[in-house]
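Asks: Turn this into a model:
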Amino acid sequence: MPSDQDPTVRFDGREDDYDRYRPGYPDQVVRLLQERGVLTGETVVADIGSGTGILTAMLLRQGARVYAVEPNARMRSKAEARLKGEKNFVSLSARAEETGLADGSVDLITAAQSFHWFDPVSCGREFRRILRPGGSVMLVWNNRLDDRGDFNIAYERLLKEHYADDSRGMTDEELDRRIDALFEGDFERIDYDNYQHLDLDGLRGRLRSSSYCPRPDHPTFVPLMNALEALFQAHQSSGTVSMLYRTEVYLGKLR
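Replies: Numbering: from 1, shown residues only. Reported below is the predicted structural model:
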């Protein structure tokens, strides 16, 4: 039986909150791809670990054909409902390490909020197999700022006090090594400011969407949610708080 650490099931039961309360990506992400000449109305994209289709939808709006590769059935069904009727949308039940796509079939691979779940060696081999010569890869994360803004700092402290492990299962240094190994050092990194304005329901849903949040039947869930409400009341202005992010983009070609 898969464990809750298995990324194919880790977000089971979180898909509604993920779809509704996770932040989108700044429009600059799409503009960057267009400026670099890697996204046009003719581009074929494999969006790997596509989740509920947050980035997929942005790519489709630019006219690209997008293969949304997602192993989690519940997350994938959210994307299929969101993007129903999009003629350039293809939903695939597959993992990053074995997409099922044909050799040399895509111009661009994207992985939004997902690369850290992949096996680095196997996915690198698969990326190289499905990319056309000269194709590009973009990795992107919305990383919550834990050292800027009174609310963000207090939110980070709350997670630590309640033992909610918000790491990605590895250190930042290990993730940096994996990114560097994928691109063999040949990539550019661009950061953008991003934010969400959240009311209390939105803040609750944002936390519940995270894989590290305890499940509702866990004994720490209610105390965590009570502390979250107290934090909201201490920091809200006109009924909302602002959660600040740094959107990190890594863009390059694979040798």
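Asks: Which residue, other than its chain neighbours, is closest to the most centrally placed residue in the chain?
Replies: A centroid search over the chain (CA atoms, centre = their mean) returns Gln113, at 2.2 Å, as the residue closest to the centre. Leaving aside its chain neighbours, Gln113 sits nearest to Trp141 (5.7 Å; criterion: CB to CB, 6 or more residues apart in numbering). To be clear about C-beta, it is placed using only N, CA and C from the backbone, and glycine gets the same treatment.
Asks: Ramachandran angles for that neighbour?
Replies: Main-chain torsions, Trp141, degrees, to the nearest 10: phi -140, psi 140.
Asks: coming back round to it: ramachandran angles for the residue nearest to the centre of the chain?
Replies: Taking degrees, to the nearest 10, you get phi 60, psi 30 for the backbone angles of Gln113.
Asks: Buried residues, stretch 101-118. List them.
Replies: 101, 106-118 (16 or more other CB atoms under 10 Å).
Asks: Secondary structure for those - can I get that in a markdown table?
Replies: Shown next, in a markdown table, are the buried residues of stretch 101-118 (DSSP: H, G, I helix; E, B strand; the rest coil):
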| residue | secondary structure |
| --- | --- |
| Leu101 | coil |
| Val106 | strand |
| Asp107 | strand |
| Leu108 | strand |
| Ile109 | strand |
| Thr110 | strand |
| Ala111 | strand |
| Ala112 | strand |
| Gln113 | coil |
| Ser114 | coil |
| Phe115 | helix |
| His116 | helix |
| Trp117 | helix |
| Phe118 | coil |
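Asks: Out of these, flag the one nearest to Met75.
Replies: Nearest to Met75, judged by CB to CB, of the buried residues of stretch 101-118 is Ser114 at 10.3 Å.
Asks: Distance check, that closest one against Thr99.
Replies: As for Ser114, its distance to Thr99 is 13 Å (criterion: CB to CB, to the nearest Å).
Asks: residues shared between the contacts of those two?
Replies: Each of Ile48 lies in contact with both Ser114 and Thr99 under the rule CB atoms under 8 Å, 6 or more residues apart in numbering.
Asks: List phi and psi for Leu139.
Replies: Leu139 adopts backbone torsions of phi -110, psi 140, taken as degrees, to the nearest 10.
Asks: all helices for the stretch 151-255 of the chain, in order.
Replies: All helices of the stretch 151-255 of the chain, identified by DSSP state H, counting those that start in this stretch, fall at 172-183, 200-208, 221-235.
Asks: contacts for the first one?
Replies: Put plainly, it is helix 172-183. In this structure, residues lying in contact with helix 172-183 by CB under 8 Å, 6+ apart are 115-116, 120, 123-124, 127, 137, 139, 168, 170, 187, 250, 252-254.
Asks: Next one, pLDDT for Ser3 please.
Replies: We have a pLDDT of 39 for Ser3.
Asks: and the residue nearest to Ala234 when sequence neighbours are not counted, what is it in contact with?
Replies: Once flanking residues are discounted, Ala234 sits nearest to Ala154: 7.5 Å by CB to CB, 6+ apart. Ala154 makes contacts with 231, 234-235, as judged by CB under 8 Å, 6+ apart.
Asks: Restricted to buried residues, select those residues in ChimeraX.
Replies: To isolate the buried ones among the contacts of Ala154 in ChimeraX, judged by 16+ other CB under 10 Å, type:
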select :231,235
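Asks: what's the burial count for the closest residue to Gly13 other than its chain neighbours?
Replies: Of all residues not flanking Gly13 in the chain, Arg215 sits nearest, at 7.1 Å (CB to CB, 6+ apart). Here the number of neighbours of Arg215 (other CB atoms under 10 Å) works out to 12.
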